[in-house]
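Novice: any chance you could fold what I've pasted below:
(one chain, ligands or ions: 1)
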Amino acid sequence: MPPPEQDLPMLQLEQLSFAYDTQRVVDNWSATLAPGASWLQGPNGCGKSTRLKLLGAVLQPQCGQARLGTLELRRDAQAWRRQTAWVGAEGAPLPHLSPRQLFAFLAGLYGVHDEAHWRDWSATSTALGLTRWLDQALHSLSTGTQRKAALAAALSLDVPLLLLDEPFNALDEQAAAALRQRLQQRHQDAARWTVMASHEDPALSPLQTLQLQA
Ligand SMILES: Nc1ncnc2c1ncn2[C@@H]1O[C@H](COP(=O)(O)OP(=O)(O)OP(=O)(O)O)[C@@H](O)[C@H]1O
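Specialist: Numbers count the residues shown, from 1 in each chain. Reported below is the predicted structural model:
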């Protein structure tokens, strides 16, 4: 049985601010995200991708704080990254690796070695229609296939905080449906967050929507 709502941990964002040089893109961003799926919605250039990078500790906020359980983003950046998987809006990282090698590399980096994760990755890859490409270098694959590889790996790492930038871009309908199903499954356990920047409604239920302004 899931814990009562008042006992659930929250992802707390407290007045996060970030500027590229002199351009302030995130200005005192505060939000409380309950476990589950959240959608960052807003016009082009409003800072959706930048916010995901802040939450992934890829960029350092100049002010503010984020808290995930006992972790603080600015104090515990290294530990925070280990609890986080981030899939960017383009193709896959490390294009000289194959999808299988990418997952092996990430699994080693995150310290995930058990068989269950391999099985999970394999099942996710199959559901996404990735199977025939598993041993080909990512750079030789289409953008959609690269994204499937990055998504399968990130989902199988099974970290509490999953950050997805335009996850449905370049996915065929079957893969998009498989991704939705996998994300729904991920949230059957209460203590996981998925934050998505997406032009398209992620069509997950329940879904917390964060409307951002230009
Ligand atoms: N590395 C960077 N250096 C300087 N400025 C940047 C950098 N990345 C993004 N920006 C600027 O920050 C602003 C927000 O960009 P960001 O990509 O976060 O927005 P977005 O809402 O994700 O946009 P889109 O929907 O077009 O992907 C834009 O004006 C963009 O030009």
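
Novice: contact residues of the protein facing the ligand?
Specialist: Residues of the chain lying near the ligand by CB under 6 Å from any ligand atom: 20, 23, 25, 42, 44, 45, 46, 47, 48, 49, 50, 197. C-beta here means a position set from N, CA and C on the backbone, and glycine is covered the same way.

Novice: repeat that for 5 Å
Specialist: 20, 25, 44, 45, 46, 47, 48, 49, 50 (CB under 5 Å from any ligand atom).

Novice: check contacts around the fifth one.
Specialist: By that I understand residue 46. Counting by CB atoms under 8 Å, 6 or more residues apart in numbering, residue 46 touches 212, 213, 214.

Novice: swap in the second one?
Specialist: For residue 25, the contacting residues are 18, 19, 47, 50, by CB under 8 Å, 6+ apart.

Novice: which parts of the chain are strands?
Specialist: In the chain, the segments counted as strands under DSSP state E are 11-20, 23-33, 36-41, 63-68, 71-72, 84-87, 161-165, 193-197, 207-211.

Novice: before we move on, back to that, could you redo the residues of the chain next to the ligand as a markdown table and give each row pLDDT?
Specialist: Below are these laid out as a markdown table (pLDDT from 0 to 100):
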| residue | pLDDT |
| --- | --- |
| 20 | 97 |
| 25 | 96 |
| 44 | 92 |
| 45 | 93 |
| 46 | 94 |
| 47 | 96 |
| 48 | 97 |
| 49 | 97 |
| 50 | 97 |
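
Novice: between those, which has the most around it?
Specialist: Neighbour counts for the residues of the chain next to the ligand, by other CB atoms under 10 Å, peak at residue 48, which reaches 25 neighbours.

Novice: for the closest residue in space to that residue that isn't next to it in sequence, list each beta-bridge partner.
Specialist: Computed as CB to CB, 6 or more residues apart in numbering, the closest residue to residue 48 that is not its neighbour in sequence is residue 197, at 3.6 Å. Counting by DSSP bridges, residue 197 forms beta bridges with residue 40, residue 165.

Novice: just checking, residue 197 touches residue 52?
Specialist: Yes: using CB atoms under 8 Å, residue 197 is in contact with residue 52, at 5.6 Å.

Novice: ok, the closest residue to residue 49 other than its chain neighbours - contacts?
Specialist: In space, residue 49 comes closest to residue 165 once its chain neighbours are excluded; the distance is 5.4 Å by CB to CB, 6+ apart. Counting by CB under 8 Å, 6+ apart, residue 165 touches 48, 49, 52, 86, 87, 88, 89, 196, 197.

Novice: next: residue 146.
Specialist: Contacts of residue 146 by CB under 8 Å, 6+ apart are 91, 92, 95, 138.

Novice: dump the residues you listed into CSV; add neighbour count and pLDDT as well.
Specialist: Formatted as CSV, the contacts of residue 146 follow (neighbours: other CB atoms under 10 Å; pLDDT from 0 to 100):
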residue, neighbour count, pLDDT
91, 18, 83
92, 23, 87
95, 13, 94
138, 21, 97
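
Novice: of the residues you listed, closest to the ligand?
Specialist: Closest approach to the ligand among the contacts of residue 146 (CB to the nearest ligand atom): residue 91, at 15.2 Å.

Novice: phi first, then psi, for the closest one.
Specialist: Reported as degrees, to the nearest 10, the phi and psi values for residue 91 are phi -70, psi -160.
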